[in-house]
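Chemist: Okay, predicted coordinates and the sequence, questions at the end:
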Amino acid sequence: MAKRYLIANWKMNLPPEGVESYLANVGGADPRDVTLVVAPPFPYLKHVSGCGEGMCVAAQNCSDHESGAFTGEVAPSMLRDCGADYVILGHSERRNLFSETDALIARKLSLAISKGLKPVLCIGEDLRVREADQVARFLADQIKATAVPELETAEEVILAYEPIWAIGTGRNASGAMVAETILDIRHALERFWPAKFAQTSIIYGGSVTPDNTPDLVEKGTIDGFLVGGASLDSRKFLAIHAGLR
Ligand code: PGA
């Protein structure tokens, strides 16, 4: 049985209520069988890992190099030093705004795993692919492109299905659509990541709120959520957690 996760992706934001109150509220919750993870911007990693009792910490990105002349980059081992347990890789904002390719993401994945970071690998189609009915093939290609040998040794692997058209748009996929897509993803994992396909947790992201959580979890195929906008408000984040049964 795959583990369940609820991940707060703050992106380049801080919670308006303040980092300390946010962490006190979320850290005070009984996580039940869900691993709670907070992904702050790089400079806050150490702080969040220091006060975030009951929570794990994720970085939002990492370099594909371990050290050297790479101005502005941060190596996986440095993220570990700052308390990061997980790293989000291949987020569509990295792919689209920073031109990250599957090949670069695969290199980051290999290095991150080899340095002890647990990857949260994001995949997802845009509206053009969805409307052309090419979703299964598109996601299978993304999974195939990241089938690195290090996956076999990874302690935990999380795959975040995030349809691009649903991210930050207020337009979320329906529970039925996500359940169908997760089935396609499981088939692709079985083909391309055979060593990991059964234990890989598949979570959903894209305009998740307390209101649409019941519909998304109804089919029972989702192992958790990667939440952006709604994760900046600890009450909303905890309400999503309460709905994740
Ligand atoms: P959103 O972001 O919840 O604001 O749509 C999700 C994400 O980008 O991970």
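Modeler: Done, it's in. Residues are numbered from 1 along each chain as shown.

Chemist: distance of the nearest residue to Glu20 once chain neighbours are set aside from Ile7?
Modeler: Nearest non-adjacent residue to Glu20, counting by Cβ to Cβ, 6 or more residues apart in numbering: Cys51, 6.6 Å away. Any C-beta I mention is one placed from the backbone N, CA and C, and that applies to glycine too. Cys51 sits 18 Å away from Ile7, taking Cβ to Cβ, to the nearest Å as the criterion.

Chemist: again with Cys82
Modeler: 17 Å.

Chemist: Who has more neighbours out of those two?
Modeler: When Cys82 and Ile7 are compared for neighbours, Ile7 comes out ahead with 25 against 18, by other Cβ atoms under 10 Å.

Chemist: Please report how far the more buried one lies from Gly170.
Modeler: 20 Å.

Chemist: Residue of this structure closest to the ligand, please.
Modeler: Gly228 (2.2 Å; Cβ to the nearest ligand atom).

Chemist: Provide a list of residues in contact with the closest residue in space to that residue that isn't next to it in sequence.
Modeler: Setting aside the residues directly before and after it, Gly228 is nearest to Asn9 in space (Cβ to Cβ, 6+ apart), at 5.0 Å. Neighbouring residues of Asn9 by Cβ atoms under 8 Å, 6 or more residues apart in numbering: 39, 58, 60, 88, 91, 205, 226-228, 231.

Chemist: Wait, Gly175 touches Glu218, no?
Modeler: Yes: shown here, Gly175 and Glu218 form a contact pair, counting by Cβ atoms under 8 Å, at 4.9 Å.

Chemist: Between its first and last residues, how far does stretch 25-32 reach?
Modeler: Counting by Cα to Cα, to the nearest Å, you get 15 Å between the two ends of stretch 25-32.

Chemist: Distance from the chain centre to that stretch, please.
Modeler: With Cα atoms, centre = their mean, to the nearest Å as the basis, stretch 25-32 stands 19 Å off its chain's centre.

Chemist: That stretch: which residues count as buried?
Modeler: Residues of stretch 25-32 classed as buried by neighbour count (16 or more other Cβ atoms under 10 Å): 25-27, 29.

Chemist: ok, which of the residues you listed also contact the ligand?
Modeler: Counting by Cβ under 6 Å from any ligand atom, the subset of the buried residues of stretch 25-32 that neighbours the ligand is empty.

Chemist: Of those, which is the nearest to Ala132?
Modeler: Val26 (39.6 Å; Cβ to Cβ).

Chemist: any idea how far Gly229 is from the closest one?
Modeler: 16 Å.

Chemist: repeat for Phe138
Modeler: Separation of Phe138 from Gly229 (Cβ to Cβ): 25 Å.

Chemist: and Pro16, how many neighbours?
Modeler: Counted with other Cβ under 10 Å, the neighbours of Pro16 add up to 9.
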